[in-house]
Every structure is written in structure tokens, then in C-alpha cells.
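Novice: Sequence and predicted structure are below.
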Amino acid sequence: MTGPVTTDPAGAAHAATAHDLSGSATLWELVERRAARTPEAPALLQAADSARDDRRLTFGGLRRAAERTAAGLYSLGVRPGTRFAWQLPTRIETVVLSLALARLGAVQSPVIPIYRDREVGFALRTAEAEFFAQPGVWRGFDYAAMAERLPASPRLLEAYEALPEGDPATLPPPPSSGTDVRWIYWTSGTTSDPKGVLHTDRSLIAGGSCLAHALRLGPSDIGSIAFPYAHIGGPDYLVMLLLSGFPAVLFEKFAMPEALDGYRRHGVTVAGGSTAFYSMFLAEQRKDPARRLIPSLRLLAGGGAAKPAELYHEVRAELGCRLAHGYGMTEAPMITIGSPDDTEEQLAHTEGRPPAGMEIRIVDGEVRLRGEAVCRGYTDPDQTAAAFDADGFFITGDLGHVREDGHLVLTGRLKDVIIRKGENISAQEIEELLYQHPDIADVAVVGLPDETRGERVCAVAVQPKGAGQLTLKAATAFLQGLGLARHKLPEQLEIVDELPRNETLRKVLKYQLRERFGGA
């Protein structure tokens, strides 16, 4: 067992203003302090199909809009502690509504737009939602009709283009405590009911502070939110904007190459989201290698899934920008993050360092966490009891180790360890090696049930256009050439057009691969 590791944040020399603001007790206090400091600075930029339809909101305007909406919600009966669920796309109105609820001290439960009847019904029931805001008909789906047919019966509110408004003079005082549970986020729920994750204003501020101090961004930067704002990464990124005083471009719908015009038009300097986002940018860059994809881009940053070292080097060589990858989850939105000031080796081969106050303990190879950014538990007390050890460390289920330089290296997940003939095999190790093959554009490795071996190793690969048909023999020969032990070699290879991924941070849904190829 390795003892707790605590380090200073990678961005310890970040601007004093960010350090000052990170001490805010509540999210609303942080909004007020940023609005007072730079009221006319842009905060949110809504990317539309054309420049004439783009919208923007300053930090001062964000505070005023949130106060008016808070007053409108107050007139509808929303009070401190009211349970308010919302399922909305990444829009200025969504951020305003969420901050209005923070101003009131309501308990809000964001629901990702891809969820449907089963997941949404579960979330509304479990959160005991009294109100539910949805976008009406969005991208061809009728969210209002879905809400009407669910057994749960919160009061429905459409919140797409217009939000309720009122006189801020009618509002009660804002909340003063940032340690009360006011957020319920939901895990993916890919194989069972989602887990409701309990957060406070302070846990969200702690996560966003780590991001801000590590990336060292400032007022001259332009960020981007291309993932669902209802994801835990939404407030994580917003806190960074409020601390560092720069704007972000919001993408209501993210698809390549359509989104590129928004990145270029607004001069985005920082983009990303997850490993899959990096790969999508690379795929577009390769269509025209002689022209920089986004001329203003200087940094890709994200997390949510492991990053092969080869992918880091491809980003550096082809996109011409730095890549700072991090490690986070719904239960702890920012655990470690790379800094642009880290060495090339550190950025390529680790997930960065933990911020001040985040303790990492390695127990039998498993990563465990304790710190302010860690959630308070789950809506289910039994799940909470099982998630923390006797010393109060959160049990992540991820495997890894902390290097002497304080950087964390992830080696896989406990559930992603393939046990073949009693030997443990890391799926991530094989994936990172296969990713180096010139005829593989994307890959996932899973363990499949096997009567004689217990599990067999199956590689599922996506090939780039124009590549010759990859065979299992060629793939295993390539791995052997890189020194992979024979007992780790794949015994099954499947070629697919694309890997199944979720719609938030584009994580591979490995359970679908196991279901699809498990009987082969």
C-alpha cells in the first residue's frame, strides 16, 4: 500500500486573482465577485450556424440574467432547498438557469439530454424532483411529451429560448454555506440504474480551481464547451471561467466538420473534452495537413478516458498545440491534470499531478481519493457506505501508481482487467500498443467469456480509410515486435466502422462490445 500523496497544484504560480476568487464560499459568491471585477468582459459565446446569429453575454450580464431568472423561479415557488431537475442542451440559457438555482440555494439535478424515459424517470424519482425544466422538442425528440408520460409528476417548465423572469428585489438572501448538498449528478447508467452523485458548491469549486490553476489560462484566452453542460464537466469548466476571467464558446450541437467554423470564427485557443475529441480533431487535420485546422488553437485539454502516449505525440506534431490531459469522474470532477509547463514526457505518459488538498492513496494497485473535490456520496446510503474505506478515501475502481515526481499514471480499471488462465492482463496496455499500428485509427480491448481460459483477449479496431484489411496474425505479430508477452496477445480481432461511445465525453461503451462479440 502506498500512503497519501499530496502536492501543490501544477499551476501554483497562476494569477493572484484566481487564487483569491477560489476562496469563495459558494458558487453564487464566485459569480458576484467575478462580475464585480470584470463586468464587461465576455463570459459566454453561443456558436450558431452563422456569425450573425452568434450571441454573447458578459460576466456582469450573466449575473444580472441569473438574478432575474432566480426571481422568476421564486415567483413560481422555487425556494432554498427546492429540488429542481433540468435536462437541457449546452446553451447560454442553461447556464443562466443553473446559476439562478444556485442563487436561490435550490438542490438541482442536471440530466444529460441523451437520457430517455427509463433513466429520466429514475432520476426524477430518486431526486424527488419538484420541478423539471426541459427544452420542449429538441433535435427531433419531444422532451415535454416524455416528461408527461413518466410516473413522476414534477411541475414542468420549458426552458429553451425563454426563462422566467422577475424583480431581483423580491429575492431572499443568497445561500451562505457552500458545504450543503445542492447538486445531484448522474453516472452513465450503461448497465444498470444511474447512481445519483451528491456534490456541494465547494466540491465543484475545488474541482474547477484545480483546472484553472493547472492550465494557467487568462483573459486573452477563448475556451470552448462542446460537451453537454449537464455533465459534471459543465460546472468544472464554468468555475475555471469565473476564476480566470476568460470566455467560452458554447456548442449546442457538436459534430465535425460543422463545428470547425465556430472554433475558427471565435478564435478558440483552448479546446478538448476527452481523448475521443482529440482524435476527432486529428482526423479533420489529416484531411488537409498543410493547413492548420484551428489557427488560434494553442492547447487541447480534457479527461474522462485514458490517453495513449502516441496520441499525445500526434497532437503535438499534427495539430501544432500542447496537450494537457487530466483524470476526473462524476464523483470527483478533477483529480489530477497536466500543466502546459510539464515536460513532454510527463504530458505524454501521465495524467498530471493532484492539486493541493487532493490526497491519492494506492491500495493493492487501486487508486483511492480524499479531498474537498470528492463527492459526499450517493443518493443511496448503501452505495455510499460501499464507496468509501475506513479512512474516508473514495474507492475509484481505477488502477494506477504515483511516480516519484508526483504524477499519476493510470493502468486500467479493475473491471477492465482481463483474467486469462489466472493471469491479470491490462486492456489499456494492449490498447496503447495497438494504437501505434498504422492501420488502426481507434481500438478497444475487452475480455470475453471463454470456457477453457476463463476470459480471452479480444481487440476491436477501427481502420483508417484506405488501409488494407488487418488480420489477427498481423496484429499479434506487431504486438510481439513491441515486446508484449505472449499470454497477453489478442486471440480475437474484430473490425468495426466505429466504436460505440457515450454522448458526453465519448467514452467507449465496452459492455456493448462484450455483448456483441461475446458469443463469437
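Specialist: Now that the structure is in, tell me what you want to look at.
Novice: in the sheet, who's paired with residue 56?
Specialist: residue 45 (DSSP bridges).
Novice: tally of neighbours for it?
Specialist: Around residue 56 there are 14 other residues, counting by other C-beta atoms under 10 Å. No exception for glycine: its C-beta is placed from N, CA and C like everyone else's.
Novice: ok, it touching residue 46?
Specialist: Yes. With contact defined as C-beta atoms under 8 Å, residue 56 and residue 46 form a contacting pair (7.2 Å).
Novice: From residue 74, how far out is the residue lying closest to residue 79 once chain neighbours are set aside?
Specialist: In space, and not counting its chain neighbours, residue 79 is closest to residue 104: 6.9 Å by C-beta to C-beta, 6 or more residues apart in numbering. Counting by C-beta to C-beta, to the nearest Å, the separation of residue 104 from residue 74 is 6 Å.
Novice: So those two - more neighbours on which side?
Specialist: In this view residue 104 and residue 74 are compared by other C-beta under 10 Å, and residue 104 has more residues nearby, 27 against 23.
Novice: Surely residue 271 touches residue 294?
Specialist: Yes. The criterion here is C-beta under 8 Å, and residue 271 meets it with residue 294 at 7.0 Å.
Novice: follow-up on the earlier one: so what sits against both of residue 104 and residue 74?
Specialist: 171-172 (C-beta atoms under 8 Å, 6 or more residues apart in numbering).
Novice: Low-confidence ranges, the stretch 251-400 of the chain, go.
Specialist: Along the stretch 251-400 of the chain, the parts satisfying pLDDT under 70 run over 305.
Novice: What segments of it are helices?
Specialist: 260-266, 275-285, 309-314, 344-349, 381-387 (DSSP state H, counting those that start in this stretch).
Novice: Quick check: buried residues in the last one?
Specialist: The reference is to helix 381-387. 384, 387 (16 or more other C-beta atoms under 10 Å).
Novice: quick check, distance from it to the centre of its chain.
Specialist: Centroid displacement of helix 381-387 relative to its chain, using C-alpha atoms, centre = their mean, to the nearest Å, is 23 Å.
Novice: Report all helices and strands that it contacts.
Specialist: strand 377-378, strand 394-402 (3 or more C-beta pairs under 8 Å, 6 or more residues apart in numbering; DSSP states H and E).
Novice: Please repeat the previous calculation with a cut-off of 6 Å.
Specialist: Helices and strands touching helix 381-387, as assessed by 3 or more C-beta pairs under 6 Å, 6 or more residues apart in numbering; DSSP states H and E, are absent.
Novice: where are the low-confidence patches of this structure?
Specialist: 1-20, 188-192, 305, 503-505, 520.
Novice: mind giving me the domain split of it?
Specialist: With domains defined by automatic domain parsing, the chain comprises 2-406, 416-517.
Novice: highest average neighbour count across those?
Specialist: Mean neighbour counts were compared across the domains of the chain using mean count of other C-beta atoms under 10 Å; the top stretch is domain 2-406, at a mean of 20.
Novice: chain center to that one: distance?
Specialist: When distances are taken as C-alpha atoms, centre = their mean, domain 2-406 is centred 7 Å away from the chain's centroid.
Novice: and what of stretch 490-506?
Specialist: Distance, centroid of stretch 490-506 to centroid of chain: 19 Å (C-alpha atoms, centre = their mean).
Novice: quick one, what contacts residue 416?
Specialist: residue 427 (C-beta atoms under 6 Å, 6 or more residues apart in numbering).
Novice: Residue most distant from the centroid, the chain?
Specialist: residue 452 (38.9 Å; C-alpha atoms, centre = their mean).
Novice: any idea how far residue 417 is from that one?
Specialist: In terms of C-beta to C-beta, residue 452 sits 19 Å off from residue 417.
Novice: One more: residue 106?
Specialist: For residue 106, the distance to residue 417 - C-beta to C-beta - is 41 Å.
Novice: center of the chain - which residue?
Specialist: Centroid-nearest residue in the chain: residue 233, 4.3 Å away (criterion: C-alpha atoms, centre = their mean).
Novice: helix or strand for the closest residue to that one other than its chain neighbours, which one?
Specialist: Nearest non-adjacent residue to residue 233, counting by C-beta to C-beta, 6+ apart: residue 227, 5.8 Å away. Residue 227 is part of no helix or strand, with elements assigned from DSSP states H and E.
Novice: Pretty sure residue 227 sits against residue 272.
Specialist: No. Using C-beta atoms under 6 Å, residue 227 is not in contact with residue 272; the gap is 9.3 Å.
Novice: and of the helices of the stretch 251-400 of the chain, who's closest to residue 193?
Specialist: Evaluated with C-beta to C-beta, those place helix 381-387 nearest to residue 193, the distance being 10.6 Å.
Novice: continuing past the longest helix that the chain contains, what's the next helix or strand?
Specialist: Assignment by DSSP state H gives helix 59-75 as the longest helix of the chain. Downstream of helix 59-75, the first helix or strand assigned by DSSP H and E is strand 83-86.
Novice: which residues make contact with that following strand from outside it?
Specialist: 101, 106-111, 124, 127-133.
Novice: now swap in stretch 215-227 and tell me
Specialist: Taking C-beta under 6 Å, 6+ apart as the rule, stretch 215-227 contacts 11, 14, 90, 233, 237, 244-246, 248-251, 254, 266-271, 273, 301, 504.
Novice: so of the residues you listed, which ones are in strands?
Specialist: Judged by DSSP state E, those include 248-251, 270-271, 273, 301 as members of strands.
Novice: Is it possible to get a markdown table of these that adds distance to residue 445?
Specialist: As requested, the ones in strands among the contacts of stretch 215-227 are exported to a markdown table (distance: C-beta to C-beta, whole Å):
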| residue | distance to residue 445 |
| --- | --- |
| 248 | 34 |
| 249 | 35 |
| 250 | 35 |
| 251 | 31 |
| 270 | 31 |
| 271 | 28 |
| 273 | 23 |
| 301 | 26 |
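Novice: which of these sit farthest apart?
Specialist: Farthest-apart pair in the ones in strands among the contacts of stretch 215-227 is 250 and 301; separation 16.7 Å (C-beta to C-beta).
Novice: how near is residue 334 to residue 233?
Specialist: For residue 334, the distance to residue 233 - C-beta to C-beta - is 9 Å.
Novice: Test my guess that residue 448 contacts residue 457.
Specialist: No. Residue 448 is not in contact with residue 457 according to C-beta under 6 Å; the separation is 8.1 Å.
Novice: Let me know the secondary structure of residue 212.
Specialist: Secondary structure, DSSP: H, G, I helix; E, B strand; the rest coil: residue 212 is helix.
Novice: Isn't it up against residue 242?
Specialist: No. Between residue 212 and residue 242 there is no contact under C-beta under 6 Å: 8.8 Å.
Novice: quick revisit: okay, and which of the contacts of strand 83-86 map to helices?
Specialist: Short answer: the contacts of strand 83-86 in helices (DSSP H) are 101, 124, 127.
Novice: ok, those residues vs residue 466, which is closest?
Specialist: Closest to residue 466, out of all of the ones in helices among the contacts of strand 83-86 and judged by C-beta to C-beta, is residue 124, at 48.0 Å.
Novice: what residues are up against the residue nearest to that closest one when sequence neighbours are not counted?
Specialist: Leaving aside its sequence neighbours, residue 124 sits nearest to residue 152 (C-beta to C-beta, 6+ apart; 3.9 Å). Applying C-beta under 6 Å, 6+ apart, we find residue 152 in contact with 121, 124-125.
Novice: Three-state assignment for residue 152, please.
Specialist: Per three-state DSSP, residue 152 ends up coil.
Novice: Much appreciated, bye for now.
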